[in-house]
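A.B. asks: no sequence for this one, just the structure:
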């Protein structure tokens, strides 16, 4: 008899890519209910409901076109109905929706449910910052894991080889979530470090701005490797300064060094920062011109971190993050990225 | 009064680049003799001795053209004369010359001299392998440090920003060598781990072959980041299996993650491996066609490591290094790099 039932909260590009994996994996083990509900924010595509399209064509034509989803993935427009009888909740929505989703789910889920967050970003407020997993844990009173790694949704959906990292607090949770995510082309490592895994995913975008600046300045591979290395060092130092249990080893995992390398090689933060050097235009202007309505996470995270560092009088301990902030927001010349270190 | 005197053994591309740095740095401190002798393997350039050219033009026109060397760098064709009164010996020659150089220097140097090796590679024989620093230490009975990092000679000579790592056994040695190498654009970190620093420099070339294979297969940034990450993991595991004192932290230094990133982004090992996939030609043939007489270190190091792993029955613990060897030498299809992991 199945003892676990998975629900996926979110159905964008990344949510749909992992739905393909989860749908297949739950069918392999007796202890999972084979049906997996996926919450879809309902919208109309050429007059047809997106949930109906997904449930008949088995394809998310809007957010992950040309990839077949397993038939045991059932799109559902009702958040509560999606989650009501689930023991494992997979959160994969933009981070600004977490508070409202948790508010709706409060008291409506199984008390022994476990969560995993696939959400990148942290919640910054005037007192400091809060992890997404902590928001989920605190508001729903359940344990939350986190998944983060060098993963681009489309490449994962096409089954190109990559790795990812799950951070857990309770090992049984980590192993259970590993079962629904791990495949031969999507390798999962689990580590007992929720905070380290989650902070890697948030902080790497600042460093990617640095990588793009160095590309724009045409300083070469060695300078770029130095920026990535110093970036990884400051990410680790920051994490361990604010959370003493964060482990060194986490930064050797896919969520750490691998995701940082990928983000500094491709991605929009790198691209816009390079254009800032080559065109001389401001980040604000380039965001409008180049990103088609998407937001530049690297600059806003750099600002959030700078505010935290300033308040704690710690800027001198994080010269790379500080100089990146100043280049983005105070008009410092990009070459300062190497001169000010 | 000056208590330290530096000699540079070697004057190729890298030797000349560091001579520029060392010449300037020794002039800044009272405890260094300002004259630095540099041993040059004598050759004629358009009928003129290379040592004469270096000592009049202050430029190594053959191996580092268009870069001025400080006038206190004095080229010397005699190895013994170069080193006789030196307290700090900088070894920067191809690794196949180390044995013969040490044999010539034995008994001819100051007993309290200290050495640093800038040489990449390890010495493999039928019993296993030996570090270059151990060869220097054992044959000359002096302590040896090592310097390794994400450094390309020409970029360092042009003073583009990068970092490097010095591994030491004796902290005073490490700090002294740091003084002659560190500049604002060539940042030195020192770590108490000679073996870790040295093995990083040798093993990275194997992983660069893997990076090139993935590039040739067009598997994308995430797959490449995964190969780099697994490569770093296997480099660390190998080092710590054979030398228990090797530190995790060393792999976060320039010699570790940064040099590996650079080597997987550019460099001849990556380039030839990519061509192996796109042309289907053997590594031997491509080495002849593409490298203009230079040797491919990655494949031969992969073979050396494979021999060691086979002898110790450890191949299964190092799947990436093993599959790279098999692709290079046993005709395995390149796609196995992700399928066999």
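C.D. replies: Great, that's in hand. Quick caveat, the model's predicted, so the values are computed rather than measured. Numbers count the residues shown, from 1 in each chain, chains lettered A, B, ... in the order given.
A.B. asks: make it CA atoms for all contacts and neighbour counts henceforth
C.D. replies: OK.
A.B. asks: Show me what from chain A comes close to chain B.
C.D. replies: A:150-152, A:155, A:160-163, A:184, A:219-223, A:225-226, A:228-229, A:233, A:252-254, A:257-259, A:261-262, A:265-266, A:338-339 (Cα under 8 Å from any Cα of the partner chain).
A.B. asks: In PyMOL, how would I select the buried members of these?
C.D. replies: Only the buried members of the residues of chain A next to chain B enter the following PyMOL selection, criterion being 16 or more other Cα atoms under 10 Å in any protein chain shown:
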select buried, chain A and resi 150+151+152+155+160+161+162+163+219+220+221+222+223+225+226+228+229+233+252+253+254+257+258+259+261+262+265+266+338
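A.B. asks: Out of the residues of chain A next to chain B, which sit inside strands?
C.D. replies: Mapping the residues of chain A next to chain B onto strands (DSSP state E) picks out A:162-163.
A.B. asks: Just the residues of chain A next to chain B: which are in helices?
C.D. replies: The subset of the residues of chain A next to chain B located in helices under the criterion DSSP state H comprises A:155, A:221-223, A:225-226, A:228-229, A:233, A:259, A:261-262, A:265, A:338-339.
A.B. asks: ok, so of the residues you listed, who is nearest residue A:201?
C.D. replies: Out of those, the one with the shortest distance to residue A:201 is residue A:259. That distance is 7.8 Å, counting by Cα to Cα.
A.B. asks: That closest one and residue A:152 touch, don't they?
C.D. replies: No. Between residue A:259 and residue A:152 there is no contact under Cα atoms under 8 Å: 9.9 Å.
A.B. asks: Quick check: neighbours shared by these two?
C.D. replies: Taking Cα atoms under 8 Å, 6 or more residues apart in numbering or on different chains as the criterion, residue A:259 and residue A:152 both touch residue B:222.
A.B. asks: Which residue, other than its chain neighbours, is closest to residue A:323?
C.D. replies: Leaving aside its chain neighbours, residue A:323 sits nearest to residue A:337 (6.0 Å; criterion: Cα to Cα, 6 or more residues apart in numbering or on different chains).
A.B. asks: in the sheet, who's paired with the closest residue to chain B within the stretch 51-200 of chain A?
C.D. replies: Across the stretch 51-200 of chain A, no residue is closer to chain B than residue A:162, which sits at 5.0 Å (Cα to the nearest Cα). On the basis of DSSP bridges, residue A:162 takes part in beta bridges with residue A:186.
A.B. asks: Local confidence estimate at it?
C.D. replies: Model confidence at residue A:162, expressed as pLDDT, equals 95.
A.B. asks: Assign a three-state SS to residue A:116, would you?
C.D. replies: Assigned with DSSP: H, G, I helix; E, B strand; the rest coil, residue A:116 falls in the strand class.
A.B. asks: my read: it touches residue A:146, true?
C.D. replies: Yes. A contact is recorded between residue A:116 and residue A:146 when judged using Cα under 8 Å, the distance being 5.1 Å.
A.B. asks: list residues touching both of those two?
C.D. replies: Listed contacts common to residue A:116 and residue A:146 are residue A:133; contacts here mean Cα under 8 Å, 6+ apart.
A.B. asks: For residue A:183, see how far away the residue positioned nearest the centre of chain A is.
C.D. replies: When Cα atoms, centre = their mean is applied to chain A, the residue found nearest the centroid is residue A:120 (2.8 Å). As defined by Cα to Cα, to the nearest Å, residue A:120 lies at a distance of 22 Å from residue A:183.
A.B. asks: hmm, back to that, does the residue nearest to the centre of chain A lie in a helix or a strand, and which?
C.D. replies: Using DSSP states H and E, residue A:120 sits in no helix or strand.
A.B. asks: Got phi/psi on it?
C.D. replies: Main-chain torsions, residue A:120, degrees, to the nearest 10: phi -100, psi 140.
A.B. asks: Buried residues, the helix or strand harbouring residue A:328. List them.
C.D. replies: Using DSSP H and E, the secondary-structure element containing residue A:328 is helix A:319-329. By neighbour count with 16+ other Cα under 10 Å, helix A:319-329 contains the buried residues A:319-329.
A.B. asks: can I get those in JSON lines with pLDDT?
C.D. replies: Formatted as JSON lines, the buried residues of helix A:319-329 follow (pLDDT from 0 to 100):
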{"residue": "A:319", "pLDDT": "97"}
{"residue": "A:320", "pLDDT": "98"}
{"residue": "A:321", "pLDDT": "98"}
{"residue": "A:322", "pLDDT": "98"}
{"residue": "A:323", "pLDDT": "98"}
{"residue": "A:324", "pLDDT": "98"}
{"residue": "A:325", "pLDDT": "97"}
{"residue": "A:326", "pLDDT": "97"}
{"residue": "A:327", "pLDDT": "97"}
{"residue": "A:328", "pLDDT": "97"}
{"residue": "A:329", "pLDDT": "96"}
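A.B. asks: so can I have TSV of those showing distance to residue A:48?
C.D. replies: TSV is the format used below for the buried residues of helix A:319-329 (distance: Cα to Cα, whole Å):
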residue	distance to residue A:48
A:319	52
A:320	49
A:321	47
A:322	49
A:323	49
A:324	46
A:325	45
A:326	48
A:327	47
A:328	43
A:329	44
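A.B. asks: Mind telling me the two of those farthest from one another?
C.D. replies: A:319 and A:329 (15.3 Å).
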